[in-house]
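J.: Here is my input, please return the structure:
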Amino acid sequence: MNSKPELIYEGKAKKIFAHEDSDKVVIEFKDDATAFNSLKKAKFEGKGELNCVISSKIFQHLIEYNIPTHYLGLKNKNSIIAKKISIIPLEVVLRNIAYGSLCKQTSIKPGTVLEKPLIDFYLKNDSLNDPLLTKDRIYLLNLISYEDLTLISNLTLKINELLKNFFLNIKLKLVDFKLEFGYTSEGQIVLGDEISPDNCRLWDLNQKNDTIVSLDKDRFRNDLGGLIEAYSEINKRINNFIRFN
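T.: Sure, this is the predicted structure:
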């Protein structure tokens, strides 16, 4: 009789289980939704499955373009198999268009297209409310070396170009997104976590009069409703794009 895999870690949106291969893990996507550092919480049936399959397809796309990731394959409808990595405690946010916290913290108007992509780094620490960090503070905290931070920045810019084109093909505008990176047992930096409507801000381009229609977690953050419908629409568009390419 098989014993249940050991739960290594449980986060807001995912559970990480041990794999029979010690260099691998199983990541299960939950139906939970959180916002504002977990001050707002809810469950949406089917959300975990949608984020899992969307992430899986996007990871596969990035791997085709030689982006190193932790992704190894889909295990079932709401779980993936991934390389076991040591997460770097930084949230890397890339912005193509000003929105959200950037506009609250500056005089930039929402919807302003930035002249070049902006990369912000945040300390991955819920108790401190994930504060924005300068590069000097990153080095002060000894979170990562200059060389590795440069590598992550360059990877993030490359990922941005790939994702912008990918989403453009399915009539979505990539406003901004959050990435996490980690080290494999061999010391290689790879992209971890997920890439889904939970951590990408995506606007529907099938709208008239420049109306902003979010197909991402803003539907939950801003009480817009239709979160599952939005995620399902993204998954449908990705499937159609893959089918005809």
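
J.: Now do Phe166 against Leu174, distance only.
T.: 8 Å (C-beta to C-beta, to the nearest Å). Heads up, the C-betas are built off the backbone N, CA and C, glycines and all.

J.: which residues does the closest residue to Leu133 other than its chain neighbours bridge with?
T.: Nearest-residue entry for Leu133: Phe121, 4.8 Å, with adjacent residues in sequence omitted and distances by C-beta to C-beta, 6 or more residues apart in numbering. Under DSSP bridges, the beta-bridge partners of Phe121 are Val92, Leu133.

J.: Could you give the number of residues near Phe121?
T.: 21 (other C-beta atoms under 10 Å).

J.: how close does it get to Ala82?
T.: Counting by C-beta to C-beta, the separation of Phe121 from Ala82 is 23 Å.

J.: and the host helix or strand of Lys236, which residues are buried?
T.: Lys236 belongs to helix 227-243 when assigned by DSSP states H and E. Counting neighbours by 16 or more other C-beta atoms under 10 Å, one finds that the buried residues in helix 227-243 are Leu227, Ala230, Tyr231, Ser232, Glu233, Ile234, Asn235, Arg237, Ile238, Phe241.

J.: Averaged pLDDT, it. What do you get?
T.: Mean pLDDT, computed over helix 227-243, is 95.

J.: Now do it: which elements does it pack against?
T.: In terms of contacts (3 or more C-beta pairs under 8 Å, 6 or more residues apart in numbering; DSSP states H and E), helix 227-243 is packed against helix 47-64, helix 218-221.

J.: list the helices and strands the shortest one packs on?
T.: Taking 3+ C-beta pairs under 8 Å, 6+ apart as contact, the helices and strands that helix 218-221 lies on are strand 32-35, strand 40-43, helix 227-243.

J.: can you do 6 Å?
T.: helix 227-243 (3 or more C-beta pairs under 6 Å, 6 or more residues apart in numbering; DSSP states H and E).

J.: Could you chop this structure up by domain?
T.: Per automatic domain parsing, the structural domains of the chain span 7-83, 86-243.
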